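*Asks:* Build me a model:
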Amino acid sequence: QRRASSSSDDGKGWQIADVFRYYEKIRAKNEREANERREEVYRQVPEVRRIDGRIQKHSMDISGAMLSGAFNVEERVGAIRKKMEQLQSERAYLMTENNFKIDYMDIVYICPVCKDTGTQDNGEQCSCFSLRLDEMQKNVEGVRKI
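*Replies:* Residues are numbered from 1 along each chain as shown. Here you go, the predicted model:
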């Protein structure tokens with residue numbers, strides 16, 4: 001629900017909200033497409049799904065080892081990471097052998113800097129946010145002229 005713009009904000013308040021909604025829609029679309037690509041790979045190369053499951057299990061094992069407080073945590077984590085690297089190499093081999101790019105299942109971002117959030121990792125606003133906001137302002141101005 002949009003409110004009419006006032007002279008104090010020229011409508012930028014709802015425009016900013018619209019930009020964030022835009023980012024949410026873009027991320028959802030890109031995640032959905034990545035999931036579709038993942039399922040395609042899993043159908044064609046079922047072993048990749050098993051490897052991904054093992055990698056996920058090893059990731060949880062690393063978390064568990066770090067939380068355990070055991071005296072040999074670094075050794076245990078190192079051994080698990082080595083297993084994960086082997087699995088990742090096997091996964092990459094299977095992907096390329098079956099004519100998929102290694103990053104085929106990854107989410108593709110319009111803006112790799114902020115990963116389509118509008119905010120950089122350091123908390124600063126991404127330059128793409130200003131671009132989206134300017135686009136929205138131009139759209140509003142175009143509608144006002146009609």
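*Asks:* Confidence-wise, which helix or strand of the protein is lowest on average?
*Replies:* In the chain, no helix or strand scores lower on mean pLDDT, DSSP states H and E than helix 127-145, which sits at a mean of 78.
*Asks:* What is the longest helix of this protein by residue count?
*Replies:* helix 12-44 (DSSP state H).
*Asks:* model confidence over the following helix or strand past that helix, on average?
*Replies:* Next helix or strand after helix 12-44 toward the C-terminus (DSSP states H and E): helix 46-68. Averaged over helix 46-68, pLDDT sits at 95.
*Asks:* what angle do helix 46-68 and helix 12-44 make?
*Replies:* Helix 46-68 runs at 120 degrees relative to helix 12-44, counting by axes from the mean of the first three to the mean of the last three CA atoms, to 10 degrees.
*Asks:* tell me what helix 46-68 is packed against?
*Replies:* In terms of contacts (3 or more CB pairs under 8 Å, 6 or more residues apart in numbering; DSSP states H and E), helix 46-68 is packed against helix 12-44, helix 73-97. C-beta here means a position set from N, CA and C on the backbone, and glycine is covered the same way.
*Asks:* Buried residues, the first one. List them.
*Replies:* For helix 12-44, the buried set under the neighbour-count rule, 16 or more other CB atoms under 10 Å, comprises 14-16, 18-19, 22-23, 26-27, 30, 37-38, 41.
*Asks:* ok so, going back, so the longest helix of the chain versus helix 73-97, what angle?
*Replies:* 70 degrees.
*Asks:* about what we covered before: from the buried residues of helix 12-44, pick the one nearest residue 122.
*Replies:* For the buried residues of helix 12-44, the minimum distance to residue 122 (CB to CB) is 17.5 Å, reached by residue 23.
*Asks:* Quickly note the distance from the closest one to residue 37.
*Replies:* Using CB to CB, to the nearest Å, one gets 21 Å for the distance from residue 23 to residue 37.
*Asks:* Also residue 50?
*Replies:* From residue 50 across to residue 37, the span is 18 Å (CB to CB).
*Asks:* for residue 71, same thing?
*Replies:* From residue 71 to residue 37 the distance is 43 Å (CB to CB).
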